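In: sequence plus the predicted model coming up.
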Amino acid sequence: MLHNVSDLDLRLLRIFASVVRRGGFSAAQDELGMGQSTISTHIASLETRLGYRLCERGKSGFRLTEKGRRVLEHSQALFAALGDFRDQVQSLAGRLVGELRIGLADNIATLPEARIHEALARFNRRDQDVRLHLSIDSSSALERQVLTGELHLAIACFGRKLPSLRYRPLYDERVAVFCGRGHPLFDCDKPRQADLEACAWVQYGYAQADVQLPADPQRCTALASNMEAVVHAVRAGTHLGYLPTHYAQRWVDQGGMRALLADQLGYGISHSLLLRDQPAHNQALQALVEDLCAVHAVPTP
């Protein structure tokens, strides 16, 4: 039985975690850089030190015992705690370390006002050794992930404000109704709003949940989970759909799309930086927030 956790125990636990991650002794050989018999010896040594069996191995394959599953969970918590300790200790020297998980809205790379790339470049010039994780999701999912701590920050359009989160507006975006070449309204000089609302529409699930649209389509016959899917339906000439004007501009320039009643049915949305109301002390996060606010010329929250 373990009474003190030594360096050897930590090494054996990391080998055990690698074996589980790769699904067996043989599959873990390349990752660990050791032969199957050596891995087996290490796992057997760990089981001896613990006093119980961690996994079943043989012709029937590799399988964790219930105690093995619990040891894996506790090991992962231990590794995470050691990583936090390392990051905090190293950060005392002034260098930014650790990981930052960032969530972003769909298709904002073509929005000139979104200077996220400039903020990342500015952050990269700092004295840092931070691993960035960038992901794309819906506004509601991003809010949930920031709230639960899965993300350190998010940037998107949020139609509501949760009391346990902080919102800092960064930039605005313009959205309009578009149709594709071949649609009956494409060559219409003066379409009426009623004409648009009577057409078939593609509904963008993310945006519809957060924004009350100026148009009131009577027939939404297609549902899209991202903006690229909206583009396909609009370019087909079969559906009308809302798209950010900056995102649609490339197809407008090519003559494949046009905006309809942009002044009447278009609308603006604001994208905000989202943080937990009381985030844990994280120097890397604070630095990135400062850089995001600086390039967008807004006060740091």
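Out: Alright, I've got the coordinates.
In: what stretches of the stretch 51-200 of the chain score poorly on pLDDT?
Out: Residue ranges of the stretch 51-200 of the chain with pLDDT under 70: 91-92.
In: contacts only, for residue 83.
Out: Neighbour list for residue 83: residue 98 [criterion: C-beta atoms under 8 Å, 6 or more residues apart in numbering]. Where C-beta positions appear, they are placed from N, C-alpha and C, glycine not excepted.
In: wait, a helix at it?
Out: Yes: residue state for residue 83 (DSSP: H, G, I helix; E, B strand; the rest coil) corresponds to a helix.
In: distance of it from residue 282?
Out: 13 Å (C-beta to C-beta, to the nearest Å).
In: shared neighbours of the two, anything?
Out: The contact lists of residue 83 and residue 282 share residue 98, where a contact means C-beta under 8 Å, 6+ apart.
In: tally of neighbours for residue 184?
Out: Applying other C-beta atoms under 10 Å, we find 11 residues neighbouring residue 184.
In: now it: how far from residue 235?
Out: Noted for residue 184: a distance of 15 Å to residue 235, by C-beta to C-beta.
In: same thing with residue 251?
Out: Between residue 251 and residue 235 the distance is 7 Å, computed by C-beta to C-beta.
In: these two: which has the busier surroundings?
Out: Set side by side, residue 251 and residue 235 show more neighbours around residue 235, with 21 against 18, by other C-beta under 10 Å.
In: listing partners with orientation, what would you give for the strand ranked longest in the chain?
Out: Looking across the chain with DSSP state E, the single longest strand is strand 165-180. Using DSSP bridges, the strands paired with strand 165-180 are strand 241-244 (antiparallel), strand 257-260 (antiparallel), strand 267-276 (antiparallel).
In: looking at the ones you listed, which is closest to residue 48?
Out: Closest to residue 48 of the strands paired with strand 165-180 is strand 267-276 (C-beta to C-beta; 43.9 Å).
In: measure residue 249 to residue 221 for me?
Out: Distance of residue 249 to residue 221, computed by C-beta to C-beta: 26 Å.
In: tell me where the stretch 101-250 of the chain has strands.
Out: Using DSSP state E, counting those that start in this stretch, the strands of the stretch 101-250 of the chain run over 128-136, 153-157, 165-180, 200-204, 219-224, 241-244.
In: could you say which of those strands is packed most deeply?
Out: With neighbours defined as mean count of other C-beta atoms under 10 Å, these peak in mean count at strand 241-244, which reaches a mean of 25.
In: how about the CA coordinates for that one, as PDB?
Out: What follows is strand 241-244, C-alpha atoms only, in PDB (Å, rounded to 0.1, in the frame of the first residue of the first chain):
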ATOM      1  CA  GLY A 241     -31.400  33.900 -45.600                       C
ATOM      2  CA  TYR A 242     -29.700  36.300 -43.200                       C
ATOM      3  CA  LEU A 243     -25.900  36.500 -43.400                       C
ATOM      4  CA  PRO A 244     -23.300  39.000 -42.100                       C
END
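In: now it: average pLDDT?
Out: Per-residue pLDDT values over strand 241-244 give a mean of 94.
In: from the chain's centroid, how far away is that strand?
Out: Offset of strand 241-244 from its chain centre (C-alpha atoms, centre = their mean, to the nearest Å): 22 Å.
In: and the contacts of it?
Out: Contacts of strand 241-244 with the rest of the structure, by C-beta under 8 Å, 6+ apart, involve 107, 110-111, 173-178, 201-204, 207, 213, 215, 224, 227, 230-231, 233-234.
In: name the nearest residue to residue 63, ignoring sequence neighbours.
Out: residue 56 (4.7 Å; C-beta to C-beta, 6 or more residues apart in numbering).
In: in this structure that neighbour contacts residue 65, no?
Out: Yes: proximity of residue 56 to residue 65 meets the contact threshold set by C-beta atoms under 8 Å, at 6.6 Å.
In: can you list residues touching both of the two?
Out: Joint contacts of residue 56 and residue 65 (C-beta under 8 Å, 6+ apart) do not exist.
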